[in-house]
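Engineer: need a 3D model of the sequence below.
(one chain, ligands or ions: 1)
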Amino acid sequence: MVDYWRQGSVAVIAVNNPPVNALSYNVRVGLYNNLDKAANDRDVLAVVICGKGRTFPVGADIHEFGQIPKEPWITDVGRKIESLGKPVIAAIHGTGLGGGLEIALFCHYRIALPNARVGLPEVLIGLLPAGGGAQLLPRLAGIQVAMEMITTGRQLPASEAAKYNIIDKVVSGDIVKEGIEFALRVQNKPFQDKILRYRSPHGKDSLQPITEAVLRKIKMRSRGFYAPVWCVRSIANSVKLPFEEGLAQNRIMFQQMQLSGQAKALQYAFFAERSISKWKLPCGGNFATAVPRKIKTISVIGAGTMGTGITVALLSAGFPVLLVEQNKRFLMKGVQTVQSLLEGGVKRRKFTAEQAKMASSSLTTTVDLQALNSVDLVIEAVFETLSLKEDIFSKLDKICKPEAILCSNTSYLNIDKIAASTRRPDKVVGTHFFSPAHIMRLMENIYGCKTSPETVATVMDLGKRIGKVPVLVGTCPGFCANRMNRPQSEEALFLVEEGAQPEQIDQVLEDFGMPMGPFKVRDLAGGDIGWRSRKDAALHLGLTLSYDLQFFNGERYCSLADKLCELGRFGQKTGSGWYSYDKPGSKQLSIDEDVTKLIQNHRDSLGIKPRKITTQEIQERFLFSGINEGFKILEEGIAARPEDIDIIWLYGFGFPRHYGGPMFYASQIGLKRVYDRICHYHELFPYSSHWMPSKLLQKLSIQEVPIGQWAELHSKL
Ligand SMILES: CC/C=C\CC(=O)SCCNC(=O)CCNC(=O)[C@H](O)C(C)(C)COP(=O)(O)OP(=O)(O)OC[C@H]1O[C@@H](n2cnc3c(N)ncnc32)[C@H](O)[C@@H]1OP(=O)(O)O
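Structural biologist: Residues are numbered from 1 along each chain as shown. Take a look at the predicted model:
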């Protein structure tokens, strides 16, 4: 796991633990023993530490967290380096992260390739840099830089790290060769002043104002995530305590944090995010055997909000796009939107003006579907009407080349039905983007019963290539994301009907950590879209929406949202919705007395006496109704694993990452408790079928098993 060789007077110690040279127990032992070997070899005058393969060590082995940490620790390896009596050079390529960077900081010198990156990302997995980072970095780069790096986990490119003295020299070529050359130059020079523990932290007199400013920033963005605050404390220890005492204190804090639910959730999310690319279809095809088709040209049908957002996502990843609309007026409007989104990307520094120009020049347009005869892949993004989509897909089937893949950006409709309108159901797949599609990272890919593994592999690959987080699910109304969100939106309305205020519900869920409460989300998305589909659904059933309606199609129904829409209050875009806004399109909102009155009148007309609704009830009814649906999605095999569901929620709805996602959150609360509360609400609200408890949840509530085994259990149901 650790290789050792000598080249003249230089000993090279190379960590060899693929894929990322994590500092597992055996690696730490290997480093420690090989440092001893170099120390005891009189002919060795300097030592180079590096990583084999793709990277310098990226930190501790996260799989080992939760076990009792075995010595030597990273700090023991560090002390060994400091006391070696010979200069030690860290030669960094790839990413030098966490414990990897900490070892480098114990070294006397650090060199790096230009494309190397360094950082202390422990905070992102709910921890602090207890392997010396929080003590050493302030002594090298100063308190201000250490605070920024450690509380955000940001990785710095080598050139920026050199600016802060973290890297002594940026070198090009072969990193080991460069390391040896550097070692030969410094081998006979004094290096005691390079041992960071003997320095005092730069900017220590400004500790208090820096700390206050950082804590203010953390408060604004953390939403209940506490690791950044502990990181601040660990850096303060570098000023307040002698070096060894600071190390010991930070280690104690690290151990406490490691036991916390937040660290467990973040580490779960880290591996969950990596597991989603390992998909499997019920027919047996999977990520390892299916080969994605090469996609060079893509067409997007529909130049509305979704179509233009998807177009920008594709263009900015370097794909040429042929944008299609039904007439020139819509097309022109769409092109203008694409241009302004690209300009917005330049303003937000997502890409340079030059890149935006390049992207824009890769856009072509047409009003003629026939022009799609040579594209490799089509993404349809028209209205959510099944007949319209069926019509488009049957035309595409005739026009497009036989091997072309046909995707639908539907958020709700049955993929099998859309596929059935073609003679190539194996090449039909759902690619559900989230709005705004050029920004939101989730791409919910949906397979139908005939979608081929090759088609799935192609859209999963495409998602990665355009910087999205692609998650694969099966087909059902609303798939995973919207199916889980639906009961939550309904519960939010019912809670208002029963006595809560929209702003109260928003506040409770924002305090929980959601980026926006459900009523602000409704106003942002625009109430008219849901209103139209509710009216369509009613029409389809031969019913009409009426305002004293308390049941619809056998289910509890609340018509408050319809009443708002009837008044033209569609949300931000019309300047009023559940809140009122400064002007149409503005985000500046205030509570509207008219809405308060409308709610009161609504309750009066139905004879509902408002009651006090507690924070606990709001949280439970919003979160548990979605979680129950999540378990049904698992038990039906729509999602293969709870990890898939959680990643959908982290990236599609901004669910607080320090809770891991709704399914992991449920596992932490305890499935018995979640199940009991769902049964309680089922008893109270028998006309809301979303409270019918999931069978899988019931089973898991009796024999609690770790979340990693839920999927196995559902297959045996
Ligand atoms: C006292 C305690 C001292 C120190 C504390 C620490 O050091 S905590 C750990 C700090 N380091 C990190 O958090 C790094 C996490 N890793 C990453 O950010 C990325 O993986 C990385 C290194 C930038 C590489 O990204 P890339 O996209 O190239 O690869 P990918 O993420 O898919 O990872 C490849 C496989 O490696 C596994 N892996 C990555 N990091 C670790 C790790 N620290 N421990 C264990 N395993 C790790 C990852 O799960 C992938 O595995 P696979 O089976 O292929 O899915």
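
Engineer: please report how far residue 238 lies from residue 154.
Structural biologist: As judged by C-beta to C-beta, to the nearest Å, residue 238 and residue 154 stand 19 Å apart. For the C-beta atoms, the positions are set from N, CA and C on the backbone; glycine is no exception.

Engineer: more neighbours: which of these two?
Structural biologist: Neighbours were counted for residue 238 and for residue 154 using other C-beta atoms under 10 Å; residue 238 has more, 24 against 15.

Engineer: that one: what secondary structure?
Structural biologist: Under DSSP: H, G, I helix; E, B strand; the rest coil, residue 238 falls in the helix class.

Engineer: that one contacts residue 142, doesn't it?
Structural biologist: No - shown here, residue 238 and residue 142 do not form a contact pair, counting by C-beta atoms under 8 Å, at 10.6 Å.

Engineer: where do the helices sit along the stretch 501-650 of the chain?
Structural biologist: Ranges of helices in the stretch 501-650 of the chain, per DSSP state H, counting those that start in this stretch, are 502-512, 518-525, 527-540, 560-566, 593-606, 615-635, 642-652.

Engineer: nearest to residue 34, of these?
Structural biologist: helix 642-652 (37.3 Å; C-beta to C-beta).

Engineer: I figured residue 206 hits residue 142, correct?
Structural biologist: No - the criterion here is C-beta under 8 Å, and residue 206 misses it with residue 142 at 9.3 Å.

Engineer: who has more neighbours, those two?
Structural biologist: Using other C-beta under 10 Å, the more surrounded residue of residue 206 and residue 142 is residue 142, with 18 against 14.

Engineer: neighbours of the nearest residue to that one once chain neighbours are set aside, just the number please.
Structural biologist: Closest residue in space to residue 142, ignoring its immediate chain neighbours: residue 202 at 3.6 Å, by C-beta to C-beta, 6 or more residues apart in numbering. Residues lying near residue 202 (other C-beta under 10 Å) number 18.

Engineer: equivalent analysis for residue 597, please.
Structural biologist: 10.

Engineer: pLDDT value on it, please?
Structural biologist: Residue 597 carries a pLDDT value of 97.

Engineer: who touches the spatially closest residue to residue 223 that is not a sequence neighbour in this structure?
Structural biologist: Excluding the flanking residues, the one nearest residue 223 by C-beta to C-beta, 6+ apart is residue 513, at 4.3 Å. Residue 513 is in contact with 223, 224, 225, 655, 656, 658, 659, counting by C-beta atoms under 8 Å, 6 or more residues apart in numbering.

Engineer: so how far is residue 213 from residue 513?
Structural biologist: Following C-beta to C-beta, the distance that separates residue 513 from residue 213 is 23 Å.

Engineer: equivalent analysis for residue 553, please.
Structural biologist: 55 Å.

Engineer: likewise residue 328?
Structural biologist: In terms of C-beta to C-beta, residue 328 sits 53 Å off from residue 213.

Engineer: domain ranges for the chain?
Structural biologist: 2-259, 298-473, 500-606, 615-716 (automatic domain parsing).

Engineer: mind putting the ones you listed in TSV, distance to the ligand included?
Structural biologist: Below are the domains of the chain laid out as TSV (distance: least, C-beta to the nearest ligand atom, whole Å):
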stretch	distance to the ligand
domain 2-259	3
domain 298-473	10
domain 500-606	21
domain 615-716	12
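
Engineer: mind listing the strands for the stretch 101-250 of the chain?
Structural biologist: 109-112, 117-119, 156-157, 169-170 (DSSP state E, counting those that start in this stretch).

Engineer: deepest-packed of those, please.
Structural biologist: Among the strands of the stretch 101-250 of the chain, strand 109-112 has the highest mean neighbour count (mean count of other C-beta atoms under 10 Å), at a mean of 27.

Engineer: in its sheet, what does that strand sit against?
Structural biologist: When pairing is defined by DSSP bridges, strand 109-112 lines up against strand 88-92 (parallel), strand 169-170 (parallel).

Engineer: would you mind pulling the contact partners of that strand?
Structural biologist: 87-93, 96, 104, 118, 158, 161-162, 166-171, 175, 178-179, 182, 186, 191, 194.
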